[in-house]
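A.B. asks: Any chance you can model this:
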Amino acid sequence: MHFGELLTISDMVSEEHLHPESASGVSADPIDTLTPVELDALPFGAIQLDDAGTILQYNNYESRLAGVERSRAIGRNLFTDIAPCTNVQEFRGHFAKGVARRKLHIQFQYHFAFKQNPQDVTVTLYYSELSKSTVSVRANTRLTDSIRS
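C.D. replies: Have a look, this model is predicted:
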C-alpha cells in the first residue's frame with residue numbers, strides 16, 4: 001500500500017502513526033485502522049473524514065484542542081458544522097482535490113479561529129486507499145507564518 005511521500009509534521013507525530021510501514025521496516029497500523037481507544041492514545045489530534053467531509057472518527061486530543069465533544073463531532077461535517085473556518089480554499093480546497101484524485105498527502109500550517117481557544121497548528125491531510133477516507137492530523141505548534149481564516 002502506498003500513501004504518497006512522507007511528510008513529517010512534528011516530533012510528536014511519527015511515521016508509524018501515519019503509515020503502515022515505518023522507515024525501520026517495522027509494521028504499524030495507520031490511523032484509519034485504529035480503534036477509538038488506540039486513537040485516543042495518540043499524542044496529537046486526529047480526525048477521519050469520509051469523501052464529503054463527514055467526521056467518522058475524532059480523538060480526545062482533538063476534542064480538547066478544538067473544544068468540541070466527540071459525541072457532537074461524529075457524523076457531522078467538519079467544514080460546515082464543526083469548524084466552518086476550514087471551509088476555505090486553503091483547507092477544504094486541498095481536501096476536495098485530493099479526494100477527487102484519490103491521492104492526497106499534504107502538510108500546511110493553519111490558524112483555527114475558535115472563539116474560546118484559537119490555535120495555530122500544523123495539518124496533514126492524507127487519503128487512505130485502505131479505508132477510502134481522508135485523515136486529518138493536527139499537531140499543536142507555534143507558527144510564525146500561519147494561513148489565517
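A.B. asks: okay, the strand ranked longest in the chain in PDB with CA atoms only?
C.D. replies: Ranked by residue count under DSSP state E, the longest strand found in the chain is strand 119-128. Coordinates of each C-alpha in strand 119-128 appear next as PDB, following Å, rounded to 0.1, in the frame of the first residue of the first chain:
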ATOM      1  CA  GLN A 119      -4.900  27.600  17.700                       C
ATOM      2  CA  ASP A 120      -2.000  27.700  15.300                       C
ATOM      3  CA  VAL A 121      -1.400  24.200  14.100                       C
ATOM      4  CA  THR A 122       0.300  22.000  11.500                       C
ATOM      5  CA  VAL A 123      -2.200  20.000   9.500                       C
ATOM      6  CA  THR A 124      -1.500  16.900   7.500                       C
ATOM      7  CA  LEU A 125      -4.200  15.600   5.200                       C
ATOM      8  CA  TYR A 126      -3.900  12.200   3.500                       C
ATOM      9  CA  TYR A 127      -6.100   9.900   1.600                       C
ATOM     10  CA  SER A 128      -6.200   6.200   2.600                       C
END
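A.B. asks: Quick check: next helix or strand after it?
C.D. replies: Helices and strands here follow DSSP states H and E; after strand 119-128, the next one along the chain is strand 133-140.
A.B. asks: Surely Asp50 and Ser131 touch.
C.D. replies: No - Asp50 sits out of contact with Ser131 when judged by C-beta atoms under 8 Å, with a separation of 9.3 Å. Any C-beta I mention is one placed from the backbone N, CA and C, and that applies to glycine too.
A.B. asks: Quick one: list the elements packing against the longest strand of the chain.
C.D. replies: helix 60-66, helix 94-101, strand 105-112, strand 133-140 (3 or more C-beta pairs under 8 Å, 6 or more residues apart in numbering; DSSP states H and E).
A.B. asks: now the third one: how far from the chain's centre is it?
C.D. replies: Mean C-alpha position of strand 105-112 versus that of the full chain (C-alpha atoms, centre = their mean, to the nearest Å) differs by 9 Å.
A.B. asks: Cheers, nothing more for now.
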